[in-house]
Structures are given as C-alpha cells and as structure tokens.
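Engineer: Okay, sequence plus prediction incoming.
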Amino acid sequence: MSLIVTQDICKTYRTGEVAVEALKSVSFTIEPKSFVSFVGPSGSGKTTLLNLIGCLDRPTSGTLEVAGIHISRLNRKKAAAFRGSHLGFIFQDFNLIPVLSVYENVEYPLLMVQNIPGSERRKRVLHMLDAVGMTDQKDKYPDHISGGQKQRVAVARALVTKPPLILADEPTANLDSQTAFKVIDLMHHMRDEFGATFVFSTHDRKIVRSVETIYSLTDGRINTHASLSSQGGNDA
C-alpha cells in the first residue's frame, strides 16, 4: 500500500478579496521507505505541500491520505495526535530547544506524544544518539555544538518515535557542502536502518542528486515530467 496518496489537491489562500492558488490539482503517490524530493523555485508550492502532508494545514479541495488515513478530514486534536504517532520533522534551522541538552532534545517527542516508561525512553534515545554518532555529545547544549551536529540531533529527534514518514524542509540550507553531504548520507543510512520514508522540500542539488524520485513544481502544479529518477535530477 502506498504511504502517501493525493488526488487533485488544491490550496487557496485568501487575503481580503485576493485569492492566491498555491497548489492546483496536484496528484501523486509515494511508496514506503522512499527517498523523495519536491523541487522548484520559491513560490512553486513545495513548502505548502509539505505543510499539508504534515497536518499543519488543510487542502482547500482534493483528497490527501497518509498511512491509510484521510488526514485532510482530521480535526485539530486528531491531526496533532496523527503527527505525534506518524510523522517526524527536520527543519533548516534545526529547531532544537536551547535550554535542553542534546539528550533531552531527542527525548522531548517521547515525553510529549507517547506514554513510554522512563527505562524504554532512555534505551530508545541512547540508541538514536548512537545511530547518528552523537552519544559523546549527549550532555551538551545546542549552542555548544556545530551546525552539522545540530542537524544530526534533529534527525535523531525526528526518528525517535519510530514514525513511518519524515518531512524535511530545506534540511541542508544552513550547512556547508561537506557537512551537507554527511547529513544526506546519514539520512540515507537512517532510512535503510529504520525503514522510514524521507520527503524533502529543497533547492539543494546535493539532495536532488541523492533522491530516488523527484517531483518538480512550477506555479502550484507538478510538471508533466514530474517523477524523475535521481539520475535525471542531476540536470534539473
């Protein structure tokens, strides 16, 4: 069964009498354990699409199904519960909590959305920190680690609840090229180890070249050559 299925998704924002169509009849499917990217210029609709998939917004029309659930029909409370159990998020500015240690940042989603005993939380957090190579930094605070290390912590935090889907919005935007390649390799490894699907919104050619499927957007529509192999994405 496909992990994500969309059919004729439209999203219109209104400001007074002005209506802006951010997405126009977008349809696609994404399979489990995929590495997928939405690419396009600013204003093309890719971040809007990630927000819809992430239950942070609702489409104006069309159907959007994730993990067999029609998320476009969920109310606010059920959407929040769905995010906690099915989704992980990675952001370009890391979004770590500065007053929490590396360990506490990774543990935080388990405290917020899942009733897990302390011994199991510790086991899971330490396993994720080991997986991303941050065990020796677990007691440090975000201000005392590098950008690449912050993004490693963000990857661990996104995966600690064992979600089937990770949404990553420009995750390498604030990293130098060498660090970005290392983070991309890490996310590939995490996909292979934990079986999560990674869906990116990005301008970064390093990510575009690394994914298996590319959806190219222009003015709120997926282009007719929408789904490309990663090799085809090299020239996108």
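Structural biologist: Noted; the coordinates are in hand.
Engineer: show me the contacts for residue 133.
Structural biologist: Residues near residue 133 by C-beta atoms under 8 Å, 6 or more residues apart in numbering: 152, 186. From N, CA and C alone the C-beta is placed, and that goes for glycine too.
Engineer: Could you rerun that using 7 Å?
Structural biologist: residue 152 (C-beta atoms under 7 Å, 6 or more residues apart in numbering).
Engineer: mind checking the SS state of it?
Structural biologist: Per DSSP: H, G, I helix; E, B strand; the rest coil, the secondary structure class of residue 133 is coil.
Engineer: Check what pLDDT it gets.
Structural biologist: pLDDT, residue 133: 94.
Engineer: Over to residue 231?
Structural biologist: Residue 231 is given a pLDDT of 41.
Engineer: name the element the residue nearest to the spatial centre of the chain belongs to?
Structural biologist: Nearest residue to the geometric centre of the chain (C-alpha atoms, centre = their mean): residue 167, 1.0 Å. Applying DSSP states H and E as the criterion places residue 167 in strand 165-169.
Engineer: average model confidence for that strand?
Structural biologist: Here the average pLDDT along strand 165-169 is 96.
Engineer: same deal with stretch 174-191?
Structural biologist: The average pLDDT within stretch 174-191 is 92.
Engineer: tell me which residues of it are tucked away?
Structural biologist: Residues of stretch 174-191 classed as buried: 174, 175, 179, 180, 182, 183, 184, 186, 187, 190, 191 (neighbour count, 16 or more other C-beta atoms under 10 Å).
Engineer: quick one: low-confidence parts of the chain?
Structural biologist: Low-confidence segments of the chain (pLDDT under 70): 114, 224-236.
Engineer: 50 instead?
Structural biologist: 225-227, 229-236 (pLDDT under 50).
Engineer: I'd assumed residue 66 was in contact with residue 53.
Structural biologist: Yes. Residue 53 lies in contact with residue 66 (C-beta atoms under 7 Å); the separation is 6.4 Å.
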